[in-house]
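K.L.:
need a structure here:
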Amino acid sequence: MSELEALRLLTPDGRLLFSTRIARLFAYGFLSVILVLYLSQAGLNEKQIGLLLSLTLVGDTLVSLWITTSADRVGRRRMLIAGAGLMLFAGVLFAVTRNFYLLLVAATIGVISPSGNEVGPFLSIEQAALSQAVPARQRTTVFAWYNLVGSFATALGALCAGALAQALQAAGTTPLLSYRVIVIGYAAIGLLLGFLFTRLTPAAEVERRARGVERPALSDRPGLFRRLGLPRSGPVVLRLSSLFALDAFAGGFVIQSIVAYWFHVRFGVEPALLGAIFFGANILAGLSALSAALVAARIGLINTMVITHIPSNLLLILVPLMPNLPLAIAVLFLRFSISQMDVPTRQSYTMAVVSPDERSAASGVTGIARTTGASLSPVLSGLLLANPALIGLPFIVSGTLKIVYDLLLYRSFRAHQPPEERQA
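P.N.:
Predicted structure coming up:
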């Protein structure tokens, strides 16, 4: 079956979830390019910005824990609408106040993406719904397309934000006001998402027939796993989560907002060029995600995750060592051309090794582990950015820790194949 044929198998709900993915990732890319610049113009210093970004991710962790572990019981549609409401809330509060403490409230309670990547509960619930909408052997391919359209949307959002900010400033608007317009646009997309999620049908909810299958006694599992909605899949999800948290902690040093700020400080890059840089980077990231399905079909999901990730992280370490802007952009682009091959494979692997009716919870818990890990590092990165002599160190720390993660992942899970690979 061709890559495009897998998309034709999607149900109407599946196609709608692709649409919400596009809208949401456009909003994340739209905001992330100017977020740190906006906060700086609003009067925050580097340490305050680092703390705010960390609390943004901490808040996303708590929101995701509540929503994703309840989604399969309360209803996926309801929880997605709730997440969209929190995205709208955060965008509005960021737009109307410059008060640091109110911004902390918005960052902690609402849904804001400083990285340009997925935050909040959306990804986990959507993946669970998509997993039951296609055959198991097409799951990685569908996830690859899902990541591809998201990367393209992030790229377009970054490009539009940079161009819009530059155009507004050229017309005489202050930098602060030009960035605020973009924050308002982010809030508006949160409202749009809420409407789109109301169009989901009951077919997107958990498959009730999975609840009738033979299963171990729930009393055999620790109470925590039951409360998290993982009575059978808890142990493997716990192992995966600990590793994913390390990877995300490493990635939190170089979230897109911080990389954009580094290019601005190190080379004096203006918003329009920043948007163009991240447009190209995210396009390349999307293409790398699509190629992951082809590679995984030949060498397996775990091998694809590790073998493609290590070179990507070596390139990340090289970015701050480049002596001029063209070389720094070239290495960054080369890195992004292979950087996302582990993403659809990681998502597909998680869905494959857990019980079908625990997929939202499993994706949510592993996603929360990633968000928790990522929430700890921006504040450290902010401290490094405040010292001109250490401004390139976040790239080196991130790349090194990510390589450690790759080696631990391979050692822990190389023998744990998903069902479709064991049957091949």
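
K.L.:
can you give me the helices in the stretch 301-424 of the chain?
P.N.:
Applying DSSP state H, counting those that start in this stretch to the stretch 301-424 of the chain gives helices spanning 301-318, 325-339, 342-352, 359-385, 393-413, 419-422.

K.L.:
closest one to Ser19 among these?
P.N.:
helix 342-352 (18.5 Å; C-beta to C-beta). In this view, the C-beta of every residue, glycine as well, is placed from N, C-alpha and C.

K.L.:
list the buried ones in stretch 377-392?
P.N.:
For stretch 377-392, a neighbour-count test (16 or more other C-beta atoms under 10 Å) marks Ser377, Pro378, Val379, Leu380, Ser381, Gly382, Leu383, Leu384, Leu385, Ile391, Gly392 as buried.

K.L.:
distance between the ends of stretch 250-260?
P.N.:
End-to-end span of stretch 250-260 (C-alpha to C-alpha, to the nearest Å): 17 Å.

K.L.:
Pro231: which of the helices of the stretch 301-424 of the chain is closest?
P.N.:
In terms of C-beta to C-beta, the element of the helices of the stretch 301-424 of the chain nearest to Pro231 is helix 359-385, at 9.6 Å.

K.L.:
so how far is the closest one off the chain centroid?
P.N.:
With C-alpha atoms, centre = their mean, to the nearest Å as the basis, helix 359-385 stands 10 Å off its chain's centre.

K.L.:
let me know the angle separating that helix from helix 342-352.
P.N.:
Angle of helix 359-385 versus helix 342-352, following axes from the mean of the first three to the mean of the last three C-alpha atoms, to 10 degrees, is 150 degrees.

K.L.:
list the helices and strands helix 359-385 packs on?
P.N.:
In terms of contacts (3 or more C-beta pairs under 8 Å, 6 or more residues apart in numbering; DSSP states H and E), helix 359-385 is packed against helix 46-74, helix 122-131, helix 234-251, helix 256-267, helix 342-352, helix 393-413.

K.L.:
got the angle for that helix vs helix 393-413?
P.N.:
Relative orientation of helix 359-385 and helix 393-413, computed by the same axes, to 10 degrees: 150 degrees.

K.L.:
quick one: Phe279 and Trp145, what's the gap?
P.N.:
20 Å (C-beta to C-beta, to the nearest Å).

K.L.:
what does stretch 232-243 rub up against?
P.N.:
Contact with stretch 232-243 is made by 215-216, 221-222, 224-225, 228, 230, 350, 353-355, 358, 361-362, 365-366, 368-369, 405, 408-409, 412-413, 416, as judged by C-beta atoms under 8 Å, 6 or more residues apart in numbering.

K.L.:
make a PyMOL selection of the buried ones in those.
P.N.:
Of these, the buried ones go into a single PyMOL selection, burial set by 16+ other C-beta under 10 Å:
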select buried, resi 221+225+228+230+350+353+354+355+358+361+362+365+366+368+369+405+409+413
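
K.L.:
let me see the contact set for Val183.
P.N.:
Leu31, Tyr38, Gly91, Phe94, Ala95.

K.L.:
any idea how far it lies from Leu93?
P.N.:
Using C-beta to C-beta, Val183 is found at 10 Å from Leu93.

K.L.:
would you reformat the helices of the stretch 301-424 of the chain as a markdown table and include mean pLDDT and distance to Tyr101?
P.N.:
Formatted as a markdown table, the helices of the stretch 301-424 of the chain follow (pLDDT from 0 to 100; distance: least, C-beta to C-beta, whole Å):
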| stretch | mean pLDDT | distance to Tyr101 |
| --- | --- | --- |
| helix 301-318 | 94 | 34 |
| helix 325-339 | 94 | 35 |
| helix 342-352 | 88 | 35 |
| helix 359-385 | 84 | 17 |
| helix 393-413 | 95 | 26 |
| helix 419-422 | 75 | 50 |
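
K.L.:
just send those helices back as CSV, with distance to Thr173 too.
P.N.:
Output for these, formatted as CSV (distance: least, C-beta to C-beta, whole Å):
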stretch, distance to Thr173
helix 301-318, 35
helix 325-339, 26
helix 342-352, 36
helix 359-385, 26
helix 393-413, 31
helix 419-422, 54
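
K.L.:
tell me which of those lies nearest to Ile67.
P.N.:
So among those, helix 359-385 is nearest, using C-beta to C-beta, at 7.4 Å.

K.L.:
any stretches of this protein with poor pLDDT?
P.N.:
Scanning the chain for pLDDT under 70 picks out 1-6, 207-222, 423-424.

K.L.:
quick one, what contacts the residue nearest to the spatial centre of it?
P.N.:
Taking C-alpha atoms, centre = their mean, the centroid of the chain lies closest to Glu118, which sits 2.8 Å from it. With contact taken as C-beta under 8 Å, 6+ apart, Glu118 is in contact with Arg24, Leu25, Tyr28, Gly150, Gly367.

K.L.:
of all the residues you listed, which comes closest to Asp60?
P.N.:
Gly367 (9.2 Å).

K.L.:
residue contacts, the closest one?
P.N.:
Per C-beta under 8 Å, 6+ apart, neighbours of Gly367: Ser64, Thr68, Glu118, Pro121, Leu123, Ser124.

K.L.:
could you verify my assumption that Asp406 touches Val306?
P.N.:
Yes. Using C-beta atoms under 8 Å, Asp406 is in contact with Val306, at 4.9 Å.

K.L.:
okay, now Gln41: neighbour count?
P.N.:
Other residues near Gln41 come to 17 when the count uses other C-beta atoms under 10 Å.

K.L.:
pull the contacting residues for it.
P.N.:
Counting by C-beta under 8 Å, 6+ apart, Gln41 makes contact with Pro175, Leu176, Tyr179.

K.L.:
same thing but at 10 Å, please
P.N.:
Gln41 makes contacts with Ile34, Arg98, Thr174, Pro175, Leu176, Leu177, Ser178, Tyr179, Arg180, as judged by C-beta atoms under 10 Å, 6 or more residues apart in numbering.

K.L.:
just those now: which is nearest Ala155?
P.N.:
Using C-beta to C-beta, Ile34 comes nearest to Ala155 of those, at 15.1 Å.

K.L.:
one step back: put together CSV for the contacts of Gln41, with distance to Leu274 and neighbour count on each row.
P.N.:
CSV is the format used below for these (distance: C-beta to C-beta, whole Å; neighbours: other C-beta atoms under 10 Å):
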residue, distance to Leu274, neighbour count
Ile34, 8, 28
Arg98, 22, 15
Thr174, 18, 11
Pro175, 13, 16
Leu176, 17, 14
Leu177, 18, 13
Ser178, 13, 23
Tyr179, 12, 28
Arg180, 17, 21
